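Trainee: what follows is a predicted protein model with its sequence.
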Amino acid sequence: MRVKDVMTPKVLGVAEGASLWEALNLMVSHKVSALIVHDGAGAAVGVLSEGDLMRRAEFGAEKKRPRWLEFLIGGGRAARDYAHSHGRRVDEIMTRGVISIDEREEISEAVDLMLGKKVRRLLVVQGSVPVGVISRSDLVRALIQALPQDAAERSDTAIQADIEAALEREIWAPVASVRVAVDKGVVTLQGSIPDETIRPGLRVLAENVAGVRKVHDELAWIEPNSGTYMSAPSDP
């Protein structure tokens with residue numbers, strides 16, 4: 001799946017010299033959580049998002065620090081915070097800089113960029129031309145499409161074969177000590193695991209196989225060094 005398949009195909013922008021009132025009206029009327037900010041030449045220079053509007057003096061939510069801390073960090077930082085919480089123009093409040101991604105990139109690239117840069121949205125470009133925005137909410141909608149739907153009933157033999165094949169593919173799965181039984185789509189995991197942290201992964205692995213209705217965990221934990229044995233927990 002590519003960025004262009006899930007992005008919001010429009011770029012709602014505002015001039016950096018626009019008033020906060022203009023920007024807020026744009027966001028509310030178009031029901032968006034952020035605006036791309038552009039300069040006089042039309043180039044994207046920043047983003048104005050809901051996050052930029054939280055520490056506002058109107059809410060009484062501006063940053064408040066003890067005077068001794070203000071002295072230590074210097075007046076410049078305190079002055080910037082003041083401008084951000086009291087500013088009346090977009091360029092006084094916005095977050096400067098725009099991170100972009102090509103529309104042909106895989107969604108995984110967008111996710112890596114968002115997490116690596118700690119941002120909630122990316123400007124989508126075709127060459128150098130902005131064509132849309134991809135945000136975390138777009139990724140949530142894409143996830144709905146990507147999740148497998150309930151499939152028609154499958155034979156227990158086919159389900160068991162798929163689970164065993166999935167176990168073989170995962171390097172962390174203790175294939176030799178885990179047995180799989182399937183009865184009318186209900187999977188029972190039996191045997192033992194050397195590490196309790198493996199348990200959730202095995203359950204999810206089985207749940208993701210088409211046709212599985214439920215998973216019972218009967219896996220015991222055996223600590224490999226001491227041989228300590230703990231019986232399987234009750235199903236949640």
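Mentor: Received, thanks.
Trainee: use CA for all of it now, contacts and neighbours both
Mentor: OK.
Trainee: show me what the residue nearest to Ala44 when sequence neighbours are not counted is bridged to.
Mentor: By the measure of Cα to Cα, 6 or more residues apart in numbering, the closest residue to Ala44 outside its immediate chain neighbours is His38, 4.3 Å from it. Under DSSP bridges, the beta-bridge partners of His38 are Ala15, Ala44.
Trainee: contact partners for His38?
Mentor: Residues near His38 by Cα atoms under 8 Å, 6 or more residues apart in numbering: Gly13, Val14, Ala15, Glu16, Ala44, Val45, Gly46.
Trainee: any idea how far it lies from Gly17?
Mentor: According to Cα to Cα, to the nearest Å, His38 and Gly17 sit 9 Å apart.
Trainee: which residues are in contact with each of those two?
Mentor: Contacts common to His38 and Gly17, judged by Cα under 8 Å, 6+ apart, are absent.
Trainee: shouldn't Val204 be within a strand?
Mentor: No - under DSSP: H, G, I helix; E, B strand; the rest coil, Val204 falls outside any strand and is assigned helix.
Trainee: mind listing what Arg77 touches?
Mentor: Arg77 touches nothing, counting by Cα under 8 Å, 6+ apart.
Trainee: before we move on, the earlier item: generate the PyMOL command that creates a selection of the buried members of the contacts of His38.
Mentor: Of these, the buried ones can be selected in PyMOL as follows, counting by 16 or more other Cα atoms under 10 Å:
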select buried, resi 13+14+15+16+44+45+46
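Trainee: which positions in the helix ranked longest in the chain come out as buried?
Mentor: Assignment by DSSP state H gives helix 156-169 as the longest helix of the chain. For helix 156-169, the neighbour count (16+ other Cα under 10 Å) marks Asp156, Ile159, Gln160, Asp162, Ile163, Glu164, Ala166, Leu167 as buried.
Trainee: what does the pLDDT read for the third one?
Mentor: What it means is Gln160. For Gln160, the pLDDT comes out at 96.
Trainee: what backbone torsions are found at the residue lying closest to Met230 once chain neighbours are set aside?
Mentor: Excluding its sequence neighbours, the residue lying closest to Met230 (Cα to Cα, 6+ apart) is Trp221, at 5.1 Å. In terms of degrees, to the nearest 10, the main-chain angles of Trp221 are phi -110, psi 130.
Trainee: was I right about Ile163 contacting Leu205?
Mentor: Yes - between Ile163 and Leu205 there is a contact at 7.4 Å, judged by Cα atoms under 8 Å.
Trainee: low-scoring stretches of this structure, by residue?
Mentor: Where the chain drops to pLDDT under 70, the residues are 65-75, 149-152, 227, 234-236.
Trainee: what ranges do the helices span in the protein?
Mentor: 3-6, 20-30, 67-73, 75-86, 90-93, 107-117, 136-146, 156-169, 199-207.
Trainee: mean neighbour count, those: which tops it?
Mentor: helix 90-93 (a mean of 22; mean count of other Cα atoms under 10 Å).
Trainee: helices and strands around that one, which ones?
Mentor: On a contact count with 3 or more Cα pairs under 8 Å, 6 or more residues apart in numbering; DSSP states H and E, helix 90-93 meets helix 75-86.
Trainee: who touches stretch 100-120?
Mentor: 1-4, 121-127, 135-136.
Trainee: re the thing from before, so can I have JSON lines of the buried residues of helix 156-169 showing distance to Ala146?
Mentor: What follows is the buried residues of helix 156-169, written out as JSON lines (distance: Cα to Cα, whole Å):
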{"residue": "Asp156", "distance to Ala146": "25"}
{"residue": "Ile159", "distance to Ala146": "21"}
{"residue": "Gln160", "distance to Ala146": "23"}
{"residue": "Asp162", "distance to Ala146": "19"}
{"residue": "Ile163", "distance to Ala146": "20"}
{"residue": "Glu164", "distance to Ala146": "23"}
{"residue": "Ala166", "distance to Ala146": "19"}
{"residue": "Leu167", "distance to Ala146": "22"}
